[in-house]
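Novice: just coords:
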């Protein structure tokens, strides 16, 4: 068994037993060492974004003092939801390893796959109604950014 | 102009001018009052998940002491990336309002649309290679969760 997947699952089990949230854990590895580990903390933090992968990324970026984690790998006990999957892209990871699938997660009551269906345009009903307003005023800000001198691009 | 979109854009402008991150802001509104506001802080926090919407959700859930924000609305200066869009679902919002589109964001160098293409299976190249490992061990944890007594479902 992969040792980092084992650690990710152990994290998820510890968080579940402590009542912190669902049975999900993640670890981030660099040069064979674990630089961050986390489990789901939605229940104890009241933060709906406190998924294992998000917390692990946040901790690794604090630890390494950079938002570019492209020299790291992320291991998760379950296939990431779209929030975490996109976060993995923003953190510039190149490799993701996971154990259970999103369909396994749905079986125990976590319907990540619904959000995937919404994004793919395949959902039968939309939870969130999206409305565009005042684009011109938004574009004025983007134009200021475009012409801003000395900005850091990332 | 919508007053909350105006506030979201003002937040984004303030963050951009302070050098905290890209020109993105968001506010969360409940019963006509702003309960949380945030701008992108990726650069100053070194946290790749520190997008305006994520930070606003985190602050609103701390403020209201709950992860269910279904009685709130979220306003953003720009169409959310998939990370923030999924977070909006996890927070149980029913209404999202935004000014600029993801294509406007791409024009100023923020390629949220690439991650949308990956999720839709339309990306020409994948930044992140995903590998499934040790599913049986992951399923053992999920089975423990399924049979756990007194757990909170969310």
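Specialist: That came through fine. Worth saying up front: this structure is predicted, and the values here are computed from it rather than measured.
Novice: helix or strand: which one has the residue nearest to residue A:132 when sequence neighbours are not counted?
Specialist: Distances taken as C-beta to C-beta, 6 or more residues apart in numbering or on different chains place residue B:98 nearest to residue A:132, at 6.0 Å, with adjacent residues excluded. Just so you know, the C-beta spots here come from the backbone N, C-alpha and C atoms, and that holds for glycine as well. Assigned by DSSP states H and E, residue B:98 belongs to strand B:95-100.
Novice: sheet partners, orientation included, of that strand?
Specialist: Strand B:95-100 pairs in its sheet with strand A:129-132 (parallel), strand B:73-78 (parallel), by DSSP bridges.
Novice: contacting residues around the closest residue to residue A:146 other than its chain neighbours?
Specialist: Computed as C-beta to C-beta, 6+ apart, the closest residue to residue A:146 that is not its neighbour in sequence is residue B:108, at 5.4 Å. Listed by C-beta atoms under 8 Å, 6 or more residues apart in numbering or on different chains, the contact partners of residue B:108 are A:142, A:145, A:146, B:22, B:23.
Novice: do that again at 6 Å, thanks
Specialist: A:142, A:145, A:146 (C-beta atoms under 6 Å, 6 or more residues apart in numbering or on different chains).
Novice: state the mean pLDDT of stretch A:8-15.
Specialist: For stretch A:8-15, mean pLDDT rounds to 98.
Novice: my error: substitute stretch A:128-135 in the last question.
Specialist: 98.
Novice: need the helices for chain A, in chain order.
Specialist: Assigned by DSSP state H, the helices in chain A fall at A:3-18, A:42-45, A:52-64, A:82-90, A:102-107, A:112-119, A:135-146.
Novice: where does pLDDT dip in chain A?
Specialist: Scanning chain A for pLDDT under 70 picks out nothing.
Novice: returning to what we had before: how far does the strand holding residue B:98 sit from its chain's centre?
Specialist: A distance of 12 Å separates the centroid of the chain from that of strand B:95-100, by C-alpha atoms, centre = their mean, to the nearest Å.
Novice: what angle do it and helix A:135-146 make?
Specialist: Interaxial angle, strand B:95-100 versus helix A:135-146 (axes from the mean of the first three to the mean of the last three C-alpha atoms, to 10 degrees): 50 degrees.
Novice: going by neighbour count, list what's buried in strand B:95-100.
Specialist: Within strand B:95-100, the residues scored as buried using 16 or more other C-beta atoms under 10 Å in any protein chain shown are B:96, B:97, B:98, B:99, B:100.
Novice: again with stretch A:1-20
Specialist: Neighbour-count burial for stretch A:1-20 [16+ other C-beta under 10 Å]: A:4-13, A:15-16, A:20.
Novice: partners of the residue nearest to residue A:132 in the sheet?
Specialist: If you apply DSSP bridges, the partners that residue B:98 bridges to are residue A:132, residue B:76.
Novice: one step back: which ones among the buried residues of stretch A:1-20 come in contact with chain B?
Specialist: With C-beta under 6 Å from any C-beta of the partner chain as the criterion, the buried residues of stretch A:1-20 include A:5, A:9, A:12, A:13, A:16 near chain B.
Novice: wait, residue A:81 sits on residue A:113?
Specialist: No: here residue A:81 lies out of contact with residue A:113, judged by C-beta atoms under 6 Å, at a distance of 8.8 Å.
Novice: those two: who's more crowded?
Specialist: Under the criterion of other C-beta atoms under 10 Å in any protein chain shown, the comparison of residue A:81 against residue A:113 puts residue A:81 first, with 27 against 17.
Novice: give the burial count for the closest residue to the more buried one other than its chain neighbours, as a bare number.
Specialist: Nearest residue to residue A:81, sequence neighbours excluded (C-beta to C-beta, 6+ apart): residue A:112, at 3.8 Å. Per other C-beta under 10 Å, the neighbour tally for residue A:112 reads 24.
Novice: over to the one 3 residues further on?
Specialist: Counted by other C-beta under 10 Å, the residues lying close to residue A:115 total 25.
Novice: for it, give me its contacts.
Specialist: Per C-beta under 6 Å, 6+ apart, neighbours of residue A:115: A:82, B:86, B:89.
Novice: turn those residues into a markdown table, columns for distance to residue A:129.
Specialist: Below are the contacts of residue A:115 laid out as a markdown table (distance: C-beta to C-beta, whole Å):
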| residue | distance to residue A:129 |
| --- | --- |
| A:82 | 18 |
| B:86 | 16 |
| B:89 | 12 |
